[in-house]
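> Starting from these lines, generate the structure:
(chains A, B and C)
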Amino acid sequence: MTPPSFTSGELADRFGLELRGDAGLRIDGVATLARAEAGQLAFLANSRYRAQLADSRASLVVLRADDAGDATGTLLVAKDPYTAFAKMAALFEQKPVREPGVHPSAVVDPSARIAPGAHVGPFVVVGARSIVGEGSVIGPGSVIGDDCVIGEGCELVARVTLVTRVRLGQRVLIHPGAVIGADGFGLAMDSGHWIKVPQLGGVVVGDDCEIGANTTIDRGALDDTVLEEDVRLDNQIQIGHNVRIGAHTAMAGCSAAAGSARIGRYCLIGGAAGVLGHLEICDRVVVTAMSLVTSSITEPGEYSSGTPLTDNRTWRKNAARFKQLDALARRVLAADKET
Amino acid sequence: MTPPSFTSGELADRFGLELRGDAGLRIDGVATLARAEAGQLAFLANSRYRAQLADSRASLVVLRADDAGDATGTLLVAKDPYTAFAKMAALFEQKPVREPGVHPSAVVDPSARIAPGAHVGPFVVVGARSIVGEGSVIGPGSVIGDDCVIGEGCELVARVTLVTRVRLGQRVLIHPGAVIGADGFGLAMDSGHWIKVPQLGGVVVGDDCEIGANTTIDRGALDDTVLEEDVRLDNQIQIGHNVRIGAHTAMAGCSAAAGSARIGRYCLIGGAAGVLGHLEICDRVVVTAMSLVTSSITEPGEYSSGTPLTDNRTWRKNAARFKQLDALARRVLAADKET
Amino acid sequence: MTPPSFTSGELADRFGLELRGDAGLRIDGVATLARAEAGQLAFLANSRYRAQLADSRASLVVLRADDAGDATGTLLVAKDPYTAFAKMAALFEQKPVREPGVHPSAVVDPSARIAPGAHVGPFVVVGARSIVGEGSVIGPGSVIGDDCVIGEGCELVARVTLVTRVRLGQRVLIHPGAVIGADGFGLAMDSGHWIKVPQLGGVVVGDDCEIGANTTIDRGALDDTVLEEDVRLDNQIQIGHNVRIGAHTAMAGCSAAAGSARIGRYCLIGGAAGVLGHLEICDRVVVTAMSLVTSSITEPGEYSSGTPLTDNRTWRKNAARFKQLDALARRVLAADKET
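Model (predicted):
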């Protein structure tokens, strides 16, 4: 592969950005402002780091007009420099080409259908009646169970499991270790012993979703578990059966949504945050890290729970008082009445 | 496979339920009340949803006698409709048949013993001296290390790892990505550098246990880590070395028990809840989601920690006051003394 | 393999410990004080368990001089008995020998380099330009992507994924299901749709690091994600892109560090604790279980957040008051001023 290379003028034209300076600079890579070398493109998205501009050796910097004042080098001015940078950086990403075809070691059920332009890697298993769409890549060690559908242009990086009845849209990206479509956690007590509630639903994943490493999404009990389009899940997330996540919602690492929760569109769920089962969260809700959503949220906005971190000694004293909080409050309120 | 089909009368007889209405209705599937079509069985377990009864197109509904009053269709009356439904739904689950035998790609140590009726799938590895019992299914990509015993009727769905010295009882179900028997996290500091404490124990998993996707259960340091019979673990759970979990206890997703914790029988541990190491929790304890158990629990009942979710602005103000809680309490108590 | 066996005198000599009693006792295993049988070595590290000494059937006990007073059996006296025990126990660990060589089923890119003394197990994939160092073991089902370097004496137990640009030092131990070098969670919003920020960095893991089962470490966006030497990560941990973890730091199960966090040397991060992104934690910080670090920590010491566990009824009352905490505090402060 020839390493990618563009001139500053080509980048400006391609992404409709204003160029200030030399249109003929050759750019062959991207870096942070602090680490960039000559020939590299960097970005300044947060004005807090503006001081780095003077010392940066980057040949080209994409930034907001507001931040361009003092800069002396060649600049690309963008309304949203981070987004512009993301698009330009993609030009420099050298992804391995996965040739179409099924690796000889793969075990594909005779009733499965693999599109001619799909890549099925080593040690992959594809179950009965499953379909792999055109241009999709099924990375090594992945297991596709029965009755799954993988749309076009999807990538299962490696060691991904789709257990059964999982339907992916187009361009879905799934990272290693993710398990989609395992049994939901449905139990009923019968004379002192658990019995399993069959999990007869599936999982539907919309176009352009991304699912992180070791994330798990259970299939529905009767209806499906659903991710609408462009949902972005980080690593180690747990999605219970029959959850529905609205389009363009992003969840950070280690967060979880319990069974039948409904999360709206354009929500941001912080790391290790939790959503209890059967709740509903409306569109455009932000939940901060490690918060627990225990009742439905009907107004957009930012929500939190938890207590602030302090040194352990201070914390112990305050935490002990938490146990007395109701009693303390009663005293305060009673005292108020007296006065 | 012929799709399963039963009459309403057959279902009533088979599960000892009272039938109200037509015994000859043909039922060929199950669904939620809201989505059921003609020919399907639905359930009403929570009276809150009783209003759905009138609109449901389900041919047959299983419910409690209390909820049967207004219903006009054919009914099955059960003391515990959810459990009855679970049992009936199992009739309609069409599980793929895994033929007995060892897939030619599997790598089985000569000293391992595979029962003739067991199924060992593609890309499975079975280590030295390990045993796979009659009727057990070892799904694709699973790795069974040395000195493991898998009882009869177990299922390792796919990509399950039993590292070493893991002994499963009968009918144990393990979902993809689970890792049982990895090294416990045992470290000792030696002149500023960690040294590893050898993890010489194993893991014992009782009959009828279920272990969720990407759940991890470490093997013991000297003695074993133990799950008694009918323990049910959801996804992404972490069980440290030498933990013991009592029979019929269920743990929800992302919960964790640190090393040497002992959890009693019939406990319910909520999602993302944690149990510190070396603690003891008695039987029939419920821990709510995201609570942290920091000392032993000796009385059955429900336990919680954490703070309620509010909008972030309110939360910030209250959380800041948490840092002053002890000081505030002292003032309140002092003021009380003065009056 | 002949089971290992040593005399009490040999153990004392080998590890420089003071022997009190019979130098000729034959020791062929290790156990807890409570469960040890004749012929076994046990340890007493915590004086709380000193009472077990009298009843123990262990032939040999390693303990501190302070605890040796009442003991009647043969003793090894150590300044740090747990560390001494860890070293001695390692003598009794019988690890399976992995023969050098590449399993015939493994798929190794022609441009990869496998050292002659390395072991590459069944169903392993090694990508382009990757290197496996002398004496390293790549367990079954592992996937090594492109441009990875595995140093000497490393062990990837089984089903480990190194996605791309992962560089391991010497003697790195990685447990099953771990995913190192997956895409960091980098997103930019573009006209209401997420676009992916390319993750062009890698992961650098120092010598003697240990990475737990199902732990995930994302690769950097532009620079690398870094674990310095002797970092010890338990299971189910999530490390975001561009995090840096200092040497000798240990993180317990289910903890997480978000993107670009910097954790110092000799830190101890408790189970399920979280560190927000772009923070800095100095050396020798202890964060207790399930605490959330929301701002940088500049002083060594122990830090905590959260509230204590109580029965649910008490908790409900106190938690409800947390919502009024600021209002209550204002009343208290106002009342104070009045008096």
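
> Now do residue A:321: how many residues are near it, please.
Residue A:321 sits with 23 neighbouring residues when counted by other CB atoms under 10 Å in any protein chain shown. All C-beta spots, glycine's among them, are computed from the backbone N, C-alpha and C.

> correction: residue A:95
Per other CB under 10 Å, the neighbour tally for residue A:95 reads 12.

> Now it: which helix or strand?
Using DSSP states H and E, residue A:95 sits within no helix or strand.

> Check residue A:84 too.
Using DSSP H and E, residue A:84 maps to helix A:81-91.

> Now look at that helix and say if it contacts chain C.
Yes. Helix A:81-91 lies within reach of chain C by CB under 8 Å from any CB of the partner chain, at A:82, A:83, A:85, A:86, A:87, A:89, A:90.

> ok, and the most crowded of those?
residue A:85 (26 neighbours).

> Let me see the contact set for that residue.
The contact partners of residue A:85, by CB atoms under 8 Å, 6 or more residues apart in numbering or on different chains, come to A:30, A:41, A:43, A:45, A:62, C:188, C:197.

> Would you mind giving these as JSON lines with secondary structure, pLDDT and neighbour count added?
Putting the contacts of residue A:85 into JSON lines (DSSP: H, G, I helix; E, B strand; the rest coil; pLDDT from 0 to 100; neighbours: other CB atoms under 10 Å in any protein chain shown) gives the following:
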{"residue": "A:30", "secondary structure": "strand", "pLDDT": "96", "neighbour count": "25"}
{"residue": "A:41", "secondary structure": "strand", "pLDDT": "97", "neighbour count": "26"}
{"residue": "A:43", "secondary structure": "strand", "pLDDT": "96", "neighbour count": "27"}
{"residue": "A:45", "secondary structure": "coil", "pLDDT": "93", "neighbour count": "18"}
{"residue": "A:62", "secondary structure": "strand", "pLDDT": "97", "neighbour count": "28"}
{"residue": "C:188", "secondary structure": "strand", "pLDDT": "96", "neighbour count": "17"}
{"residue": "C:197", "secondary structure": "coil", "pLDDT": "95", "neighbour count": "22"}
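
> I'd like to know how far residue A:51 sits from chain B.
As for residue A:51, its distance to chain B is 29 Å (criterion: CB to the nearest CB, to the nearest Å).

> cool, and residue A:111?
Going from residue A:111 to chain B by CB to the nearest CB gives 11 Å.

> cool, residue A:87 as well?
Distance of residue A:87 to chain B, computed by CB to the nearest CB: 31 Å.

> quick one, what contacts that residue?
Contacts for residue A:87 (CB under 8 Å, 6+ apart) come out as A:15, C:190, C:195.

> switch to 6 Å and redo it
Residue A:87 makes contact with residue A:15, according to CB atoms under 6 Å, 6 or more residues apart in numbering or on different chains.

> on that earlier part again, give the rounded mean pLDDT of the helix or strand following the helix holding residue A:84.
Using DSSP H and E, the helix or strand that follows helix A:81-91 in sequence is strand A:101-102. For strand A:101-102, the mean pLDDT works out to 98.

> Need phi/psi at residue A:143.
Phi and psi for residue A:143, reported as degrees, to the nearest 10, are phi -120, psi 120.

> Next one: the strand or helix carrying residue A:144, is it in contact with chain C?
Taking DSSP H and E as the definition, one finds residue A:144 inside strand A:143-146. No. Strand A:143-146 does not reach chain C (CB under 6 Å from any CB of the partner chain); its nearest approach is 10.9 Å.

> If you count contacts, what does that strand end up packed against?
With contacts taken as 3 or more CB pairs under 6 Å, 6 or more residues apart in numbering or on different chains; DSSP states H and E, strand A:143-146 sits against strand A:161-164.

> now check the strand it packs on, is it near chain B?
Yes. Strand A:161-164 lies within reach of chain B by CB under 6 Å from any CB, at residue A:161.

> Show the secondary-structure elements that the following helix or strand past that strand is packed against.
Using DSSP H and E, the helix or strand that follows strand A:161-164 in sequence is strand A:166-168. Secondary-structure packing of strand A:166-168 (3+ CB pairs under 6 Å, 6+ apart): strand A:203-205.

> Flag every buried residue along the strand it packs on.
Residues of strand A:203-205 classed as buried: A:203, A:204, A:205 (neighbour count, 16 or more other CB atoms under 10 Å in any protein chain shown).

> Show me what the helix or strand following that strand is in contact with.
Helices and strands here follow DSSP H and E; after strand A:203-205, the next one along the chain is strand A:210-211. Among residues not part of strand A:210-211, those counted as contacts by CB under 6 Å, 6+ apart are A:173, A:174, A:178, A:232, A:233.

> After the strand holding residue A:144, which helix or strand is next?
Next in sequence after strand A:143-146, counting helices and strands by DSSP H and E, comes strand A:149-150.

> following that next one, which helix or strand comes up?
The first helix or strand that comes after strand A:149-150 along the chain, using DSSP H and E, is strand A:155-156.

> Can you name the residues of the stretch 1-150 of chain A sitting close to chain B?
Those residues of the stretch 1-150 of chain A that sit near chain B, judged by CB under 6 Å from any CB, are A:107, A:123, A:125, A:141, A:143, A:146.
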